[in-house]
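> After the sequence you'll find the predicted model.
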Amino acid sequence: MTIVKATMAGTVWKVLVQEGEQVEAGQDVVILESMKMEIPIATEVAGTVKRIIAAEGDFINSDDDLVEIE
């Protein structure tokens, strides 16, 4: 199991995956918005999205959990 974490503080602008979806290594799973910039966050592993932890509109800090991949 792998947890995709935020690389910086910001607002979750868009969640690009759904629970149960297959993802590939390097695939963007969440887009954060910080200082009017969109920052894509990618998974480093392939697998199945087990749980989406952060919802669109949530403010998150650097290193917060976003998505769980199994």
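It's in. Not measured: the values here are computed from a predicted model. Residues are numbered from 1 along each chain as shown.
> can we go C-alpha only for contacts and neighbour counts from here?
Will do.
> How about the contacts made by Val45?
2, 24-26, 69 (CA atoms under 8 Å, 6 or more residues apart in numbering).
> Next, it: secondary structure please.
coil (DSSP: H, G, I helix; E, B strand; the rest coil).
> circling back: give me the subset of the contacts of Val45 that lies in strands.
Of the contacts of Val45, the ones assigned to strands by DSSP state E are 2, 69.
> Would you map the strands across the chain?
Under DSSP E, the chain gives strands at 2-5, 10-15, 22-23, 28-34, 37-42, 47-52, 59-60, 65-69.
> which helices and strands does the fourth one pack with?
The one in question is strand 28-34. Contacts defined by 3 or more CA pairs under 8 Å, 6 or more residues apart in numbering; DSSP states H and E place strand 28-34 against strand 10-15, strand 37-42.
> partners of the spatially most central residue of the chain in the sheet?
The structure's the chain has its C-alpha centroid closest to Val30; by CA atoms, centre = their mean the separation is 3.7 Å. Beta bridges link Val30 to Val15, Ile41 when assigned by DSSP bridges.
> My understanding was that it contacts Val15; is that so?
Yes. With contact defined as CA atoms under 8 Å, Val30 reaches Val15; the gap is 4.6 Å.
> re earlier: most tightly surrounded among the helices and strands packed on strand 28-34?
Burial of these is given as mean neighbour count (mean count of other CA atoms under 10 Å); strand 10-15 ranks first at a mean of 20.
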